Structure formats: structure tokens, C-alpha cells
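[1] With the sequence up front, the predicted model follows.
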Amino acid sequence: MTDRQWAALQRVLPPQPVVGRRPKWTRRQLLNGIRWRVRVGAPWRDVPERYGHWQSIYQLFRRWQRESVWPWILSVLRAWADRSGLVDW
């Protein structure tokens, strides 16, 4: 993910919990791990370590899936792209 893409995406992500210790992996790393896994279609255990531990990546993916965060992110990004004239319907 480029810096520009990350800057746009960061604005629509749900707030990160501030409870407990600091996470070992950044949210950007974990999201890149999710993107890698979805793009490649490999098992979660095969996600490269540079994106974070596979269990941390999977836990974020599942938590956002249960909380319906993914459809919400998609709808916000679609609306933003539509307002910006980036979508040709």
C-alpha cells in the first residue's frame, strides 16, 4: 500500500483501542497482511512475517468481519471516490 493510499484509508478506519499495551504490529502492517492473503489466496499461516504474526492478522480480519467494518469501509471509500469524480457509473 502506498503512502497516499494509506493516508486516505487511515481517515475511514475505526478508532484504534487505547487500552492495554502498545501493539507490536502497526495497523498498516496488519492490513497489508490481510491484502496479501486475500490477493494470493494462501492459508493464514503462510502470510509473511513482515506483515505481522498470522494470528494477529487473522484476528483483526475476523473482528472487523464480525463488526461489519469491511462493508462500512467500502461504502465510505465508494462515496468518497464518487464525490471526487473518480468513479464512472
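    It's in.
[2] which non-adjacent residue is nearest the most centrally placed residue in the chain?
    By C-alpha atoms, centre = their mean, the chain has its centre lying nearest to Leu31, at 3.5 Å. Leaving aside its sequence neighbours, Leu31 sits nearest to Met1 (C-beta to C-beta, 6 or more residues apart in numbering; 7.1 Å). (C-beta placed from N, C-alpha, C; glycine too.)
[3] correct me, but that neighbour touches Trp36?
    No: using C-beta atoms under 8 Å, Met1 is not in contact with Trp36; the gap is 10.3 Å.
[4] Can you list the residue ranges for helices in the protein?
    3-10, 27-40, 54-66, 69-83 (DSSP state H).
[5] now those helices as CSV including mean pLDDT and distance to Arg21?
    Below are the helices of the chain laid out as CSV (pLDDT from 0 to 100; distance: least, C-beta to C-beta, whole Å):
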stretch, mean pLDDT, distance to Arg21
helix 3-10, 90, 22
helix 27-40, 96, 15
helix 54-66, 96, 13
helix 69-83, 92, 23
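[6] Gly20 is nearest to which of those helices?
    helix 54-66 (13.6 Å; C-beta to C-beta).
[7] Name the stretch among the helices of the chain that sits most buried.
    Among the helices of the chain, helix 27-40 has the highest mean neighbour count (mean count of other C-beta atoms under 10 Å), at a mean of 17.
[8] what's it packed up against?
    Applying 3 or more C-beta pairs under 8 Å, 6 or more residues apart in numbering; DSSP states H and E, we find helix 27-40 packed against helix 54-66.
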